[in-house]
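# Okay, predicted coordinates and the sequence, questions at the end:
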Protein chains: 2
Amino acid sequence: MATDSRDVLDRVDRDKKAYLEQLKSYLRIPSVSTDPSYRDDVLGCAAWLTEQMRSAGLTAETIETDGYPLVYGEWCGAPGKPTVLFYGHYDVQPVDPIELWRHPPFEPTEEGDRLVCRGATDDKGQSFAHLMAVAAILEERGELPVNVKFIVEGEEESGGEAIEAFVREDAGRRLSCDCVVVSDSSMYGPGQPSLIYGLKGMAYLELKVTGPNRDLHSGTYGGVVTNPLNALAQIVARLQDPKTGKVQIPGFYDDVRPLEDWERKEFAALPFDEDDYKNAIGVKELWGEDGYTPTERAWARPTCDVNGIFGGYQGEGAKTVLPSWAGLKISMRLVPDQDPKKIAAALTSFVHEVAPPGVEVEVHEHHGADPILVKLEGPIVDAALAAMEDVWGKRPVKVREGGSIPIVATFGQVLQVPTLLLGFGLKDDALHAPNEKFNISHFYNGIRSIVRLIDRMADIEN
Amino acid sequence: MATDSRDVLDRVDRDKKAYLEQLKSYLRIPSVSTDPSYRDDVLGCAAWLTEQMRSAGLTAETIETDGYPLVYGEWCGAPGKPTVLFYGHYDVQPVDPIELWRHPPFEPTEEGDRLVCRGATDDKGQSFAHLMAVAAILEERGELPVNVKFIVEGEEESGGEAIEAFVREDAGRRLSCDCVVVSDSSMYGPGQPSLIYGLKGMAYLELKVTGPNRDLHSGTYGGVVTNPLNALAQIVARLQDPKTGKVQIPGFYDDVRPLEDWERKEFAALPFDEDDYKNAIGVKELWGEDGYTPTERAWARPTCDVNGIFGGYQGEGAKTVLPSWAGLKISMRLVPDQDPKKIAAALTSFVHEVAPPGVEVEVHEHHGADPILVKLEGPIVDAALAAMEDVWGKRPVKVREGGSIPIVATFGQVLQVPTLLLGFGLKDDALHAPNEKFNISHFYNGIRSIVRLIDRMADIEN
């Protein structure tokens, strides 16, 4: 009966401008979590969102943490029916370089179908669509056909660990659910709904290569002692085979789950214009592991990238120092079933093994993330795929991503339920960049998609 | 008659405290040429030194340049006799980190035989010994047995090119002489007088390796495009064979003049305790080109050192950027008869050849320096060796150095005369570091050495 959602979708059509105005109010709050000078705004944003959840008909509260608060809301009036947990974040990236913005970054501005504002797509706009869908159903029907919970954090952009701690401590009590829905990603292309079923994990290490106990004169000591900068380069060069692109750390590929045939076919069928891709980032050639397409490498093969390198003299002109030490930040994006701890240990052993004589190497391990692969079967995934097709008129493609969302792995481990990564953004949304935008039609379709998801979930036997 | 210099040496013994007080006045002027806030002090220092030369009995003037002035003085009342040109610099290094100084850095403080002050040895103390020697002779005898000229610059520590321009423009007119004397170096060891007959030259290049046109997300693009930091490491690693320590740039060793047998013997006879050497700089192993001792490598074999490396994220914590570019500062210390221009060109070709696909490499060449080898024969070198032995009671060792003093190469090219590198410093003088010192006994022996050099030069048939 409710499966066609006509009642609510009609209401969404009537009220969508009001939802957009509410989103604009949300976007006007400059909730930049990385910059302490915005602290009051971040706190104010949490309070605003809590109030907004209450207006929508949820029981909501602001949960204090060691960092910025979590906003939690729920409606659990459908006992025996499935429970959907919606995750999002209310904090946003800084706005630098501010001079490149066409409008004040916290004044949402419509440019045709585009709503330009910091946070428009990442993640206020996308996750607010969840809340507006629930609000529309409650307003139209006075009740929901499933139970819903919302957990929205304020430290996603600043690497805060409040949510991680909360989820682990909660241990699936308050957050118990049948699936998690996250909309903090993009569709594969315009008009092409997508279900992301895989995310990479990560091991991130920092190396310090130390030689002499102080900076030396390169004339006096050059050729006599190992130069830590040269040594660091030697170490990094050993990590990858320059011909095959294979990572040379022993055991690196041991636990890699091979791409399945259906995946290779699904990825190969996606539109991909290599020239457009190269032109967009200004490179003449792509490069990577032999035997895999660029898409396969980006989504399903582990990689190893230096993220930062530093040491010696970096100023203008020439200084002839033989520096005491050199530093490196390096990350490996991992795929199922690689274990970040195991890979970090393998890299650590390897760098000690290949380090030239005359230097010491210290390795510091940053927080890692587990890779994710959601099983693409069962009624929940079917409901999600069908809901997206209902709204966008096209079967969603099943894709993976090269990025990591650490909290998704935590949800999987603690809650033991699938996470549906249903992004409504587009690749040209300029996340983290000036003139971030969200297509207004995508905001509306996002609301519609969640309405349909909820109605389709109601049909699942719990 | 004057060959034993007894008259002047007695005067030096009587007046040495007065010379030390004059040096202290010189040291109190904070002539830091790298820091514009000391500009008035640097200029004041030039004026003070000019006045000091006049008091000593020279005709002296301050010569304006595009940068800090040169101080020039001369006494040319011995026609038909040899002319000695003394070079030095009146500017000093900055004092950071100031908190590590035991006394105010510009207040000369005696600690037993040590005079602690910025500039004490580099180069005020050492080059002031030249002037005090001339002053002592003139005061005692009213005349000099040879002609002397002084050229003292104020930009040695800041890489200024005023003196280079002046020497080239002068083209050996005003500066015409029979030899140049430079005291801006160390003795091989305490009590061991040394004549440095070789200096390394240098080619210094800066590389910029550029990949994508902007910083990319390492999750989205890792494994698909060449990472400029990984690429830079690959390039640097190709420069040297990690096993033999040989530089791999084609043609690099083509023009290297092999060490002569007498040099290998002379160097091997020098006291060198490898454990002390390693302990002093805190390394467990020395490393360098196969087939040469550490001393041979440091003094007479060309080397290749990275002086700076930079790119990507260098701050606290983990940022997963795949950066657009990476930078490198690299220098090669050269030996006779390597040509800095030719070597720079060889490196440039090589890096373009070994650069991996997907990145562009730009090379910028900094100012180079020619290597120096002074012929160890002829009456001038003999006079210098004998003068040093007269004062220090020990035959000077003939050594080379790994450092470069570009102006020495220019003197050689323009004036076509030998340069005598007669250093009075010690290796523990803490040049460029906190608590720089000069042994007071070395200051006095420096004065005596120059007195003897002048008297011995007088005996040379011009």
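Cool, the structure landed.

# switch to C-alpha atoms for all contacts and neighbour counts from now on
Will do.

# Let me see the contact set for A:Asp241.
A:247-248 (CA atoms under 8 Å, 6 or more residues apart in numbering or on different chains).

# and if you look at A:Ser31?
A:Ser31 makes contact with A:38-39, A:41-43, A:45, A:90-92, according to CA under 8 Å, 6+ apart.

# ok, now with 10 Å
A:38-46, A:90-94, A:106, A:118-119, A:154-155 (CA atoms under 10 Å, 6 or more residues apart in numbering or on different chains).

# Over to A:Phe438?
A:Phe438 neighbours (CA under 10 Å, 6+ apart): A:110, A:113-126, A:424-426, A:428-431.

# Which parts of chain A are helices?
Using DSSP state H, the helices of chain A run over A:6-27, A:39-56, A:124-141, A:162-170, A:218-221, A:228-239, A:261-268, A:274-281, A:294-300, A:340-354, A:379-392, A:406-415, A:440-458.

# Switch the ones you listed over to JSON lines; also include mean neighbour count, distance to B:Pro323 and mean pLDDT.
Shown next, in JSON lines, are these (neighbours: other CA atoms under 10 Å in any protein chain shown; distance: least, CA to CA, whole Å; pLDDT from 0 to 100):
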{"stretch": "helix A:6-27", "mean neighbour count": "17", "distance to B:Pro323": "30", "mean pLDDT": "98"}
{"stretch": "helix A:39-56", "mean neighbour count": "19", "distance to B:Pro323": "30", "mean pLDDT": "98"}
{"stretch": "helix A:124-141", "mean neighbour count": "24", "distance to B:Pro323": "27", "mean pLDDT": "98"}
{"stretch": "helix A:162-170", "mean neighbour count": "16", "distance to B:Pro323": "29", "mean pLDDT": "96"}
{"stretch": "helix A:218-221", "mean neighbour count": "24", "distance to B:Pro323": "29", "mean pLDDT": "92"}
{"stretch": "helix A:228-239", "mean neighbour count": "25", "distance to B:Pro323": "16", "mean pLDDT": "98"}
{"stretch": "helix A:261-268", "mean neighbour count": "13", "distance to B:Pro323": "27", "mean pLDDT": "97"}
{"stretch": "helix A:274-281", "mean neighbour count": "13", "distance to B:Pro323": "12", "mean pLDDT": "95"}
{"stretch": "helix A:294-300", "mean neighbour count": "24", "distance to B:Pro323": "16", "mean pLDDT": "97"}
{"stretch": "helix A:340-354", "mean neighbour count": "17", "distance to B:Pro323": "21", "mean pLDDT": "98"}
{"stretch": "helix A:379-392", "mean neighbour count": "20", "distance to B:Pro323": "35", "mean pLDDT": "97"}
{"stretch": "helix A:406-415", "mean neighbour count": "20", "distance to B:Pro323": "22", "mean pLDDT": "92"}
{"stretch": "helix A:440-458", "mean neighbour count": "25", "distance to B:Pro323": "31", "mean pLDDT": "97"}
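
# is A:Val92 in a bridge, and if so with what?
A:Val32 (DSSP bridges).

# TSV please, covering the helices of chain A and showing distance to B:Gly402.
Listed next are the helices of chain A as TSV, based on distance: least, CA to CA, whole Å:
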stretch	distance to B:Gly402
helix A:6-27	62
helix A:39-56	55
helix A:124-141	61
helix A:162-170	55
helix A:218-221	4
helix A:228-239	19
helix A:261-268	58
helix A:274-281	44
helix A:294-300	48
helix A:340-354	29
helix A:379-392	69
helix A:406-415	52
helix A:440-458	66
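
# and those as a markdown table, adding distance to chain B?
Formatted as a markdown table, these follow (distance: least, CA to the nearest CA, whole Å):
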| stretch | distance to chain B |
| --- | --- |
| helix A:6-27 | 24 |
| helix A:39-56 | 21 |
| helix A:124-141 | 20 |
| helix A:162-170 | 17 |
| helix A:218-221 | 4 |
| helix A:228-239 | 4 |
| helix A:261-268 | 15 |
| helix A:274-281 | 5 |
| helix A:294-300 | 5 |
| helix A:340-354 | 10 |
| helix A:379-392 | 24 |
| helix A:406-415 | 13 |
| helix A:440-458 | 22 |
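
# Quick check: which of those is nearest to A:Gly308?
Closest to A:Gly308 of the helices of chain A is helix A:228-239 (CA to CA; 11.7 Å).

# Can you name the residue of the stretch 1-150 of chain A that approaches chain B most closely?
A:Thr34 (13.1 Å; CA to the nearest CA).

# That residue contacts A:Asp41, correct?
No. Assessed by CA atoms under 10 Å, A:Thr34 is found out of contact with A:Asp41, at 11.9 Å.

# shared neighbours of those two, anything?
A:Asp91.

# what's near enough to touch the residue positioned nearest the centre of chain A?
For chain A, A:Ile405 is the residue whose C-alpha lies nearest the centre (CA atoms, centre = their mean; 4.3 Å). With contact taken as CA under 10 Å, 6+ apart, A:Ile405 is in contact with A:156, A:184, A:199-202, A:369-372.

# now the residues you listed as a markdown table including neighbour count and pLDDT?
As requested, the contacts of A:Ile405 are exported to a markdown table (neighbours: other CA atoms under 10 Å in any protein chain shown; pLDDT from 0 to 100):
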| residue | neighbour count | pLDDT |
| --- | --- | --- |
| A:Glu156 | 23 | 93 |
| A:Asp184 | 21 | 93 |
| A:Leu199 | 30 | 96 |
| A:Lys200 | 31 | 96 |
| A:Gly201 | 28 | 95 |
| A:Met202 | 33 | 95 |
| A:Ala369 | 24 | 91 |
| A:Asp370 | 27 | 94 |
| A:Pro371 | 25 | 96 |
| A:Ile372 | 25 | 93 |
